[in-house]
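Asker: the sequence and its predicted three-dimensional model are supplied below.
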Amino acid sequence: QVQLVESGGGLVQAGGSLRLSCAASGRTFSSYFMGWFRQAPGKEREFVAIISRNGDASYYADSVKGRFTISRDNAKNTVYLHMNSLKPEDTARYSCAATIGYALTQSEYRYWGQGTQVTVSS
């Protein structure tokens, strides 16, 4: 069992930056690929980024590539999402999730956090 708790969301102006954190419980954090997803009001939840178990590989949605960076610290059981050059269309609730293998679809993720709201004003 893995419990995930996100933090770091808030209100930011367009062009600004935020860093989201996702703290995981349990001793098996390093066994999981970790992903970030987001859901805007009235829209489906969408994939944002994924990072490998040891942090040596990552993959991003085209919409955030070059602006967002996913990282992890297995010693702290934490995964991060560094968001730069934020746009109003990045406004959404961001959730982290854990999966056993490489996965881009939400159905393949076993554990989810409650999410943290990011609002980008124009």
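Answerer: Structure's in. What do you need? Numbering: from 1, shown residues only.
Asker: low-confidence regions, the protein specifically.
Answerer: Of all residues in the chain, none has pLDDT under 70.
Asker: what segments of it are strands?
Answerer: Taking DSSP state E, the strands of the chain run over residues 4-7, 10-13, 18-24, 33-39, 46-51, 58-60, 68-73, 78-83, 92-99, 111-112, 116-121.
Asker: which residue, other than its chain neighbours, is closest to residue 29?
Answerer: Distances taken as C-beta to C-beta, 6 or more residues apart in numbering place residue 77 nearest to residue 29, at 4.3 Å, with adjacent residues excluded. To be clear about C-beta, it is placed using only N, CA and C from the backbone, and glycine gets the same treatment.
Asker: distance of the most centrally placed residue in the chain from residue 11?
Answerer: Nearest residue to the geometric centre of the chain (C-alpha atoms, centre = their mean): residue 36, 2.5 Å. From residue 36 across to residue 11, the span is 19 Å (C-beta to C-beta, to the nearest Å).
Asker: and if you look at residue 99?
Answerer: 30 Å.
Asker: residue contacts, residue 40?
Answerer: 89, 91-93 (C-beta atoms under 8 Å, 6 or more residues apart in numbering).
Asker: convert the C-alpha atoms of stretch 51-63 to PDB, please.
Answerer: Taking C-alpha atoms only, stretch 51-63 is exported to PDB below (Å, rounded to 0.1, in the frame of the first residue of the first chain):
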ATOM      1  CA  ILE A  51       9.700   9.200 -14.200                       C
ATOM      2  CA  SER A  52      11.400   5.800 -13.900                       C
ATOM      3  CA  ARG A  53      12.100   4.000 -10.600                       C
ATOM      4  CA  ASN A  54      15.600   5.400 -10.200                       C
ATOM      5  CA  GLY A  55      14.900   8.700 -11.900                       C
ATOM      6  CA  ASP A  56      17.200   8.200 -14.900                       C
ATOM      7  CA  ALA A  57      14.400   8.400 -17.500                       C
ATOM      8  CA  SER A  58      11.300  10.500 -17.900                       C
ATOM      9  CA  TYR A  59       8.600  11.300 -20.500                       C
ATOM     10  CA  TYR A  60       6.300  14.300 -21.000                       C
ATOM     11  CA  ALA A  61       3.100  15.200 -22.700                       C
ATOM     12  CA  ASP A  62       3.700  17.400 -25.700                       C
ATOM     13  CA  SER A  63       1.800  20.200 -24.000                       C
END
